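Student: test case, fold it:
(2 chains)
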Amino acid sequence: MIAFIGLVLGILIGIVWNVNIPDKFTPYMSVAILACLDSVFGAVRSLLSKNFQPDIFISGFFGNAVLAAGLAYLGDKMGVPIYLAAVIVFGGRIFDNFAIIRRLLIEKARSL
Amino acid sequence: MSKLRSQILIAIVLMILGFMLSYEYKVLSKKYQSTPTTDVNITEEITQLKKQRDEMTKKITELQDSVSKYETEATQISGTSQETLKQLNDTRMLLGNVEVQGQGIKITITPKANLDKNPVGSDKLSDRLLIYLINELNFSDAEAITVNGIRVTYRTGIRNAADYILVGDDKVSPDSVITVLAIGNKDKLLTGMDFQGEFNDFKSFSVVTYARVDNITMQRANKSISMQYAKAVSK
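Tutor: Down below sits the predicted model:
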């Protein structure tokens, strides 16, 4: 519940607060968001599998975001679209995690 | 890690995620809203600008007419200033600030691609060749020159800009037919153009034709000339 409130609060802050992040960072932020979403899906999955560990989630959340944004930045500097690697890996993992979440939820519903 | 602490930390992390998501959404939607550069908009803008330009040209002509009227009136009051007015008009003519007419020659540069002949290589008319041609005309005592109707004055710069050649502030396409008009002694100008090898550098990509013309009318230069840095030396 607290987590959900935090998410809603964050969305509201983003809408209301006019923060000016330079335009050049926008592409890196998109990749970072993808990495963050991957961590969230992973957290939901582990929550359903009852092996959720907050410290692993938090470190993964920030670590993946920084790594993805860093790779995108490095790719930009080298002229190689490395961000595609992050998109493919995190995109694939999101779908995998979603498939597992779906199965766990269905199994849970069946056992009721 | 206590349960409450970890829940608060997760809430903070998700708050960051929520902020990033909504911020990104806001930035991207703003970006799409602020790009109304459709063809229709550009065409409308061009039409409006053309209209504004025509109106401004009309206003300038009216103002010039009233200035000439005042000048004439002033010379009538004071007979001594007639010579000054004549000098002023001569200077204006030299600067390209008045419409002029007279005999001269017409040079037409037609790209071979337009004539459906196979051009040699991918050569095109360049700024340097245009400058060369204008220099040759000046050498043959041309008194006024236009390139595709654009008046070339002593302050007109010519240079390549992407796929175009800029003559002053106006664009000339090297892929289309370019007409250069020059007012002066038509025979002298023609002799200058007849000089052997005059158009050698043009031959690979274009066909150059030239002929005497008895009456050429040239528009005034559309740029006002002013000196900001050069000052007359006081004796």
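
Student: close to chain B, is the helix ranked longest in chain A?
Tutor: In terms of residue count, the longest helix belonging to chain A (DSSP state H) is helix A:83-111. No: judged by Cβ under 8 Å from any Cβ of the partner chain, helix A:83-111 makes no contact with chain B; its nearest approach is 13.4 Å. The C-beta positions use only the backbone N, C-alpha and C, and glycine is treated the same way.

Student: contacting residues around the residue positioned nearest the centre of chain B?
Tutor: Residue closest to the mean C-alpha point of chain B, counted by Cα atoms, centre = their mean, is residue B:170 at 1.7 Å. Contact analysis of residue B:170 by Cβ atoms under 8 Å, 6 or more residues apart in numbering or on different chains lists B:148, B:150.

Student: how about a cut-off of 7 Å?
Tutor: By Cβ atoms under 7 Å, 6 or more residues apart in numbering or on different chains, the residues touching residue B:170 are residue B:150.

Student: before we move on, what about the one 5 residues further on?
Tutor: Residues in contact with residue B:175, defined by Cβ under 7 Å, 6+ apart, are B:111, B:113, B:124.

Student: give me the lowest-pLDDT entry from those residues.
Tutor: pLDDT across the contacts of residue B:175 is lowest for residue B:113, at 75.

Student: elements contacting the helix or strand where residue B:56 lies?
Tutor: Using DSSP states H and E, residue B:56 falls within helix B:39-77. Under the contact criterion of 3 or more Cβ pairs under 7 Å, 6 or more residues apart in numbering or on different chains; DSSP states H and E, helix B:39-77 touches helix B:82-95.

Student: mean confidence for the helix it packs on?
Tutor: Helix B:82-95 carries an average pLDDT of 80.

Student: and the helix or strand just after that helix, what does it pack onto?
Tutor: With elements assigned by DSSP H and E, the helix or strand that comes after helix B:82-95 is strand B:100-111. For strand B:100-111, the elements it packs on are strand B:178-183, helix B:186-194, strand B:206-218, judged by 3+ Cβ pairs under 7 Å, 6+ apart.

Student: buried residues in whichever helix or strand comes after strand B:100-111?
Tutor: Next in sequence after strand B:100-111, counting helices and strands by DSSP H and E, comes helix B:127-139. Neighbour counts over helix B:127-139 (16 or more other Cβ atoms under 10 Å in any protein chain shown) mark B:127, B:129, B:130, B:133, B:134, B:136, B:137, B:138 as buried.

Student: over to stretch B:210-230?
Tutor: B:210, B:213, B:216, B:218, B:220, B:221, B:223.

Student: one step back: export the contacts of residue B:175 to JSON lines and tack on neighbour count?
Tutor: Shown next, in JSON lines, are those (neighbours: other Cβ atoms under 10 Å in any protein chain shown):
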{"residue": "B:111", "neighbour count": "21"}
{"residue": "B:113", "neighbour count": "15"}
{"residue": "B:124", "neighbour count": "18"}
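
Student: just to revisit the earlier point, okay, the helices and strands packed on strand B:100-111 in TSV with distance to chain A and mean pLDDT next?
Tutor: Putting those into TSV (distance: least, Cβ to the nearest Cβ, whole Å; pLDDT from 0 to 100) gives the following:
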stretch	distance to chain A	mean pLDDT
strand B:178-183	40	94
helix B:186-194	51	91
strand B:206-218	39	92
